[in-house]
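Student: Here's a sequence, model it:
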Amino acid sequence: MPGAGGAPPILDFSRFYQGDLRAKQQLVKEVRNCCLHNGFFQITGHNVPIELQNRIMDWNKKFFDLELEQKNKINKDTSNTWNRGYELMKSQILEEGTNPELKEGFYIGDEISKEHPYFVNKKLNSGPNMWPSNDDLPNVTDFKATALDYYSQVVSLAKDILKVLALTLDLEETWFDDFVSGAVATMRLLHYPSQPPDSPAKLTRGIGAHTDFGCVTILLQDKVAGLQVYDYSTKEWLDVAPTPGAFVVNLGNLMMRWSNDRYISNLHRVINVSGAERYSIPVFFSGNPYYVVKCLPNCVQEGEEPKWPPITVEQAILDGYSDSYGRAERFKKDAETKTKSEGVQQVVVTEIAGA
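Tutor: I've put the predicted structure just below:
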């Protein structure tokens, strides 16, 4: 079984584009095995040039090199209401019982005007992108062009991956066409500082153990390791070593739900103990926000009820956001309450000591 006892395998995706039917069928078989095993695989031979991958990663590093004050001018929580722009360090807790995560992010998506129906109707993550000023980030025009070109090409790749996934489920290659039409996807530039050597390993995460909310995630890593995938067969965390030019692909909760839990949306996390700064760029492909996902008929045994009721793409993603960001907010409030309580106790002790 691909992935058993090792990191997610690297598959040659070029077989999807070639005219060799047998090679394409072999790719479909390998992807199916990965989806059944742990929902993760890596691909080379795709159509996203490595030069473009390198350019967007360079801009990723340049953006996070800005001063906090400069990044905060386009903070996604204060500059807009549609989830675009900069996200502060320690904004999320994806793993219950851990500290807020040691990562900062920058959210980018399709350029949606304020006249677009998605924006008017406040659909999932839809609106204009937020960009730094040229004063803060010189040559920001190239940053925009590179980011949007990369985003477009990876979204196109996601649609090709879904064609392969359709074939793995014994469906027509075009089965997901309505789902991908008008799809919403979110790209996150991410920066992980190295974890402090004295930090409690069981509490400190770059990203805590979690599953992704959407349909498919396509991840570009830089040269610094840190991503780990849980392998249920061996009950261990597997390191996913960065491979130049390769994308890490994983299924999200929406695809697992769609397949009636036949396919796996798997636990993964980031722990950066490398001593170096780590950068990565995931693209989360969610789908058309209006689309209603129902368990596939051929994934439900005859006479049995589906494990999941129908749900819109938008609601599925919003439920995931609510859990993770709500957890971080509760952590902050609990910490503030504890600090205030300790302060009151200290005042009482001081007063008693002085009495």
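
Student: Residue ranges in the stretch 201-350 of the chain under the pLDDT threshold?
Tutor: Applying pLDDT under 70 to the stretch 201-350 of the chain picks out residues 323-350.

Student: Please, where are all the strands along it?
Tutor: 207-210, 216-221, 227-231, 236-239, 247-251, 268-270, 278-287, 292-293, 311-312 (DSSP state E, counting those that start in this stretch).

Student: Check which helices and strands the last one sits against.
Tutor: To tie it back to what came earlier, the one meant is strand 311-312. strand 292-293 (3 or more CB pairs under 8 Å, 6 or more residues apart in numbering; DSSP states H and E). (Glycine included, C-beta is placed from N, CA and C.)

Student: before we move on, back to that, okay, the strands of the stretch 201-350 of the chain in TSV with mean neighbour count and distance to residue 92 next?
Tutor: Converted to TSV, the strands of the stretch 201-350 of the chain look like this (neighbours: other CB atoms under 10 Å; distance: least, CB to CB, whole Å):
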stretch	mean neighbour count	distance to residue 92
strand 207-210	22	8
strand 216-221	24	15
strand 227-231	21	16
strand 236-239	14	20
strand 247-251	26	18
strand 268-270	24	12
strand 278-287	25	13
strand 292-293	16	24
strand 311-312	16	22
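
Student: need these in TSV with distance to residue 199, can you?
Tutor: As requested, these are exported to TSV (distance: least, CB to CB, whole Å):
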stretch	distance to residue 199
strand 207-210	13
strand 216-221	22
strand 227-231	16
strand 236-239	17
strand 247-251	25
strand 268-270	14
strand 278-287	15
strand 292-293	39
strand 311-312	38
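
Student: for the closest residue to residue 269 other than its chain neighbours, what are its contacts?
Tutor: Of all residues not flanking residue 269 in the chain, residue 209 sits nearest, at 4.4 Å (CB to CB, 6 or more residues apart in numbering). Taking CB atoms under 8 Å, 6 or more residues apart in numbering, we find residue 209 in contact with 94-95, 230, 267-269.

Student: For these, which two are the farthest from each other?
Tutor: 94 and 230 (13.4 Å; CB to CB).

Student: Minimum distance to residue 46: which of the strands of the stretch 201-350 of the chain has it?
Tutor: Judged by CB to CB, the one of the strands of the stretch 201-350 of the chain that comes nearest to residue 46 is strand 247-251, at 6.5 Å.

Student: what lines up beside that closest one in the sheet?
Tutor: Here strand 247-251 has these sheet partners by DSSP bridges: strand 40-44 (antiparallel), strand 216-221 (antiparallel).

Student: Point out the one among these that comes closest to residue 234.
Tutor: Judging these by CB to CB, what sits closest to residue 234 is strand 40-44, at 13.8 Å.

Student: what comes up buried for that closest one?
Tutor: 40-43 (16 or more other CB atoms under 10 Å).

Student: Once you drop chain neighbours, what's closest to residue 97?
Tutor: Residue 97 sits nearest to residue 203 (CB to CB, 6+ apart), 7.7 Å away.

Student: What are the buried residues along the strand or helix carrying residue 69?
Tutor: Assessed by DSSP states H and E, residue 69 sits inside helix 68-72. Buried positions in helix 68-72, judged by neighbour count with 16+ other CB under 10 Å: 70-71.

Student: Which is the succeeding secondary structure element to it?
Tutor: strand 85-87.

Student: Contacts made by that next one with the rest, please.
Tutor: Here strand 85-87 has contacts from 71-72, 74-77, 79, 104-107, 129-130, 188, using CB under 8 Å, 6+ apart.

Student: Residue 185 looks like it's in a helix, true?
Tutor: No - applying DSSP: H, G, I helix; E, B strand; the rest coil, one finds residue 185 to be strand, outside a helix.

Student: Do you know the pLDDT at it?
Tutor: Note on residue 185: pLDDT of 97.

Student: May I see the buried residues of stretch 313-323?
Tutor: 313-314, 316-317, 320.

Student: thinking in terms of the whole chain, how far from its middle is it?
Tutor: When distances are taken as CA atoms, centre = their mean, to the nearest Å, stretch 313-323 is centred 13 Å away from the chain's centroid.

Student: again, but for stretch 254-265
Tutor: 17 Å.

Student: got the end-to-end distance for it?
Tutor: 8 Å (CA to CA, to the nearest Å).

Student: ok, and what's touching that stretch?
Tutor: With CB under 8 Å, 6+ apart as the criterion, stretch 254-265 contacts 35-39, 165, 169, 211-216, 250-253, 286-287, 293-296, 299-300, 306-308, 311, 313, 316-317.

Student: same check, this time on stretch 305-321
Tutor: Taking CB under 8 Å, 6+ apart as the rule, stretch 305-321 contacts 123-125, 179, 184, 212-215, 253-254, 257, 260-261, 286-295, 300.
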